[in-house]
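Chemist: got a predicted model here, sequence first, then my questions.
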Amino acid sequence: MKEPKPGTWIYVEAPTEKELEILTTKFKLEPGHLQDALDADEVPRFEREGDQTYIFVRYPRKNEDGETDTAPLLIAFDDELVYTISRTPLSAADVLLKRRISFATTQRTKLILLLLSRISDQYDITISQTTRKIKSIRSRLRTEGITNKDLIDFATIEDELAEFLSSLQPTNATLRRLLAGRQLQLFEQDQDIVEDLLLNNEQSIEASKSNLRSIATIREAYSAVSANNLNRILTILTVATILISVPSLAMGVYSLNIPLPFQHTAWIFYVIMVVNLTLMGSVIYIARRKKIF
């Protein structure tokens, strides 16, 4: 459309300075809120300016490095128009923009709730993929040792989950304000949708926390296993050192270039060997009894 009319959805993606100026001058959107929508670190919140309402949320996406993070989205609306402003392509809106599902922009409340539902579904899908990835790593670690790559993967997953939590938790407060119905008129069916969104968000938050606990448990378990293996290796090396030292002492004494008892007799060698083997056997027996190794 060349010009908007009541009931229009204005979709804005990576706006230029000129487009931002149009939004502020022609559509009277708050410049500060538009700048906040382009801030990579903006947190979800709910704002009201005159007859315009601003809902800030964050949606999951793949960044340039192929890693999962979140980006800010501003959903603004007044009595006639709905606006969405984002820094990056809004994948949650793809099915709407490509008309894969039917919807009407004139139904403002349903359009906003539909966008929020799509974002909530994206979180569910992304967190489910993360859960499967953690289970896959945990299953593999039962038969293989942990590697540096596994530790890096865990650190990356923890960052992603922490990012999700910092986005989902404030979003719940925004949804509760929507549920009050003061800024957006909600019918009974709409209230059910918002309540479902709250429930889905809570489940996503709990799933993220559960994944973080799983990673912490796996890391602690393998730290304990590594420490135990190290202790066993040190113990074995200590016992081996003792076993080597016992015959070395006797052999070293009879290697001295001084007169020693029985040094000219042939059988003394066998006596020394028997004594050494007896001492070594005693050390092994005591170590076994004490369950040192």
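Modeler: Perfect, thanks for sending it. Numbering: from 1, shown residues only.

Chemist: mind checking which helix or strand P60 is in?
Modeler: Per DSSP states H and E: P60 is located in strand 52-62.

Chemist: what strands line up against that strand, and which way round?
Modeler: Sheet pairing of strand 52-62 (DSSP bridges) gives strand 45-49 (antiparallel), strand 68-77 (antiparallel).

Chemist: doesn't T131 fall inside a strand?
Modeler: No - counting by DSSP: H, G, I helix; E, B strand; the rest coil, T131 is located in no strand; its state is helix.

Chemist: for it, list the residues it contacts.
Modeler: T131 makes contact with A207, N211 under the criterion Cβ atoms under 8 Å, 6 or more residues apart in numbering. (Each C-beta comes from the backbone N, C-alpha and C, glycine too.)

Chemist: rewinding a little: pick the most buried one from the strands paired with strand 52-62.
Modeler: Counting by mean count of other Cβ atoms under 10 Å, strand 68-77 has the highest mean neighbour count of those, with a mean of 22.

Chemist: centre of the chain to that one, how far?
Modeler: In terms of Cα atoms, centre = their mean, to the nearest Å, the centre of strand 68-77 is set 19 Å apart from its chain centre.

Chemist: any idea of the angle whatever helix or strand comes next after that strand forms with strand 52-62?
Modeler: Using DSSP H and E, the next helix or strand after strand 68-77 towards the C-terminus is strand 82-86. Put simply, strand 82-86 runs at 40 degrees to strand 52-62, going by axes from the mean of the first three to the mean of the last three Cα atoms, to 10 degrees.

Chemist: adding mean pLDDT and distance to T24, write the strands paired with strand 52-62 out as a markdown table.
Modeler: What follows is the strands paired with strand 52-62, written out as a markdown table (pLDDT from 0 to 100; distance: least, Cβ to Cβ, whole Å):
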| stretch | mean pLDDT | distance to T24 |
| --- | --- | --- |
| strand 45-49 | 88 | 12 |
| strand 68-77 | 92 | 12 |
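
Chemist: mind checking the SS state of the residue lying closest to L165 once chain neighbours are set aside?
Modeler: Take L165 and drop its neighbours on the chain: the residue closest to it by Cβ to Cβ, 6 or more residues apart in numbering is S208, 5.3 Å away. Secondary structure state of S208, per three-state DSSP, is helix.

Chemist: my guess is S208 meets S128, correct?
Modeler: No - with contact defined as Cβ atoms under 8 Å, S208 does not count as touching S128 (11.1 Å).

Chemist: tell me the confidence at the residue nearest to L165?
Modeler: Here, the pLDDT recorded for S208 equals 93.

Chemist: that one: how many residues sit nearby?
Modeler: 24 (other Cβ atoms under 10 Å).

Chemist: measure it to V271 for me?
Modeler: Distance, S208 to V271, using Cβ to Cβ, to the nearest Å: 72 Å.

Chemist: mind giving me the domain split of the chain?
Modeler: Per automatic domain parsing, the domain ranges recorded for the chain read 9-227, 254-289.

Chemist: any low-confidence regions in the stretch 51-200 of the chain?
Modeler: 181-183 (pLDDT under 70).

Chemist: could the strands paired with strand 52-62 be laid out in CSV, adding distance to A155?
Modeler: Shown next, in CSV, are these (distance: least, Cβ to Cβ, whole Å):
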stretch, distance to A155
strand 45-49, 29
strand 68-77, 14
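
Chemist: of all the ones you listed, which one comes closest to K2?
Modeler: strand 68-77 (21.2 Å; Cβ to Cβ).

Chemist: quick one, helices of the stretch 101-250 of the chain?
Modeler: With DSSP state H, counting those that start in this stretch as the definition, the stretch 101-250 of the chain shows helices at residue ranges 108-141, 148-180, 188-253.
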